[in-house]
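Novice: What follows is a predicted protein model with its sequence.
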Amino acid sequence: MSQRYPSVDAYLRKAPAFAQPIIEHLREVVHAACPEVEECIKWNGPFFVYRGPVCAVAAFKAHCRIGFWKADVLRKGPAAAAAALASLSR
């Protein structure tokens, strides 16, 4: 079950006004795609973790960022992602 953490809520409240709805939307998308994902703050920004880091978001003065780990798996499509996740459980 997805949980929202107060530290990520606090980060969003401090983010520039333009960035708040963008990052909140990305947060919802990540939780919808992986209900077991966990939130945390690392390197002063929200991270989403499921069997290792999945992605991170950040807000800056004039832009937002989302970064993905294991990008090579993402480029190969859902079958490769499923195989990669299965290999973590062995």
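Specialist: Right, received. Where do you want to start? Given the structure is predicted, the values throughout are model-derived calculations rather than measurements.
Novice: Run through the residues that contact Cys64.
Specialist: Ala19, Ile22, Ile23, Val57, Ala58 (C-beta atoms under 8 Å, 6 or more residues apart in numbering). Heads up, the C-betas are built off the backbone N, CA and C, glycines and all.
Novice: For the second one, which non-adjacent residue is closest in space?
Specialist: The shortest distance from Ile22 to any residue that is not its chain neighbour, by C-beta to C-beta, 6 or more residues apart in numbering, is 5.0 Å, and that residue is Cys64.
Novice: what's the answer for the first one, then?
Specialist: Distances taken as C-beta to C-beta, 6+ apart place Ala59 nearest to Ala19, at 3.7 Å, with adjacent residues excluded.
Novice: how close does that neighbour get to Pro35?
Specialist: Using C-beta to C-beta, to the nearest Å, one obtains 24 Å as the distance from Ala59 to Pro35.
Novice: that older thread, mind checking the backbone torsions on the residue nearest to Ile22?
Specialist: Main-chain torsions, Cys64, degrees, to the nearest 10: phi -120, psi 160.
Novice: could you point out where the chain is predicted with low confidence?
Specialist: For the chain, applying pLDDT under 70 flags the ranges 1-2, 70-90.
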